[in-house]
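Peer 1: Predicted model and sequence follow; I will ask about them next.
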Amino acid sequence: MHRGKKYLESAKLIDRTKQYEPEEALELLTKTASAKFDETVEVHIRLGVDSRHADQQVRGAVVLPNGTGKNIRVLVFARDAKAEEAKAAGADFVGAEDMVARIQKENFFDYDVVIATPDMMGVIGRIGRVLGPKGLMPNPKAGTVTPDIARAVAEAKAGKIEYRLDKTNIIHCPIGKVSFGAEKLNENLRALTNAIVKAKPASAKGQYVRSCVVASTMGPGVKISTVRVSEIG
């Protein structure tokens, strides 16, 4: 893969053989981000589990203390009073069967999070095949299927993110923007890693956190100490 001059210059500042302390890694990352736009910072955590087994799934959600730096657009499936609650809480789109039809006919996907009341799941099931692959299907474990619609919308807007294993047993999550600075990024990282460590399946054996890398959109990855990631608190 061809890498640009700025990327190569940034990569020289990073010791690829070293596992950095989280604070040091994020300080280095903010200094080496060289794009003209405010790059997103992502963390990639490889876990010592097997996602093929139902009892070793790792999935949940956490509210990042400093948000994601992104304006989150929320779609809510609800009726009557719950629909009004969603609108009052700041949901961008609210509907029921009419919204299902819009998604089916207009290929409508101008939102980042989908939340639903439990009674709407039968309706949403009709579009599960299109929402699922996009990571938009509401799920009780992520707190996106709930009767407490107002709270769910508020949390989504505040920077609640969902984490889940991919097929290679890695969790990929955004933890903010480069402009946040190392301290706020570290607070977000700590909130996420604490949630992941607490979600460790009882059936998981051996080392749980195998590797952790942070990277900005256009920058090189920086390895973080797995010992520090494994600490809760």
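Peer 2: That came through fine.
Peer 1: Rounded mean pLDDT for the longest helix belonging to the chain, please.
Peer 2: Here the longest helix in the chain is taken by residue count, with DSSP state H as the criterion, and it is helix 182-198. Taken as a whole, helix 182-198 carries a mean pLDDT of 96.
Peer 1: Going forward, the N-terminal residue is numbered 635.
Peer 2: OK, 635 is where the count begins now, so the last one is helix 816-832.
Peer 1: helices and strands around that helix, which ones?
Peer 2: Other helices and strands packing on helix 816-832, by 3 or more Cβ pairs under 8 Å, 6 or more residues apart in numbering; DSSP states H and E, are helix 656-666, strand 674-681, strand 693-697, strand 794-798, strand 804-811, strand 843-850, helix 860-864. C-beta: built from backbone N, CA, C; applies to glycine.
Peer 1: could those go into a markdown table alongside distance to Arg785?
Peer 2: What follows is these, written out as a markdown table (distance: least, Cβ to Cβ, whole Å):
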| stretch | distance to Arg785 |
| --- | --- |
| helix 656-666 | 30 |
| strand 674-681 | 26 |
| strand 693-697 | 11 |
| strand 794-798 | 10 |
| strand 804-811 | 21 |
| strand 843-850 | 30 |
| helix 860-864 | 29 |
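Peer 1: which stretches of this protein aren't confidently modelled?
Peer 2: Residues of the chain meeting the criterion pLDDT under 70: 635-646, 866-867.
Peer 1: outside of the longest helix of the chain, which residues touch it?
Peer 2: Taking contacts as Cβ atoms under 8 Å, 6 or more residues apart in numbering, the residues outside helix 816-832 that touch it are 656-657, 660-661, 663-664, 675, 677, 679, 681, 692, 694-700, 795, 797, 805, 807, 809-810, 814, 842-843, 846, 848, 863-867.
Peer 1: Which residue lies closest in space to Ala838, excluding its sequence neighbours?
Peer 2: On the basis of Cβ to Cβ, 6 or more residues apart in numbering, the spatially nearest residue to Ala838 that is not a chain neighbour turns out to be Val683, at 4.9 Å.
Peer 1: how is the protein carved up into domains?
Peer 2: The chain breaks down into these structural domains: 639-701+794-864, 708-792 (assignment by automatic domain parsing).
Peer 1: Fine by me, thanks again.
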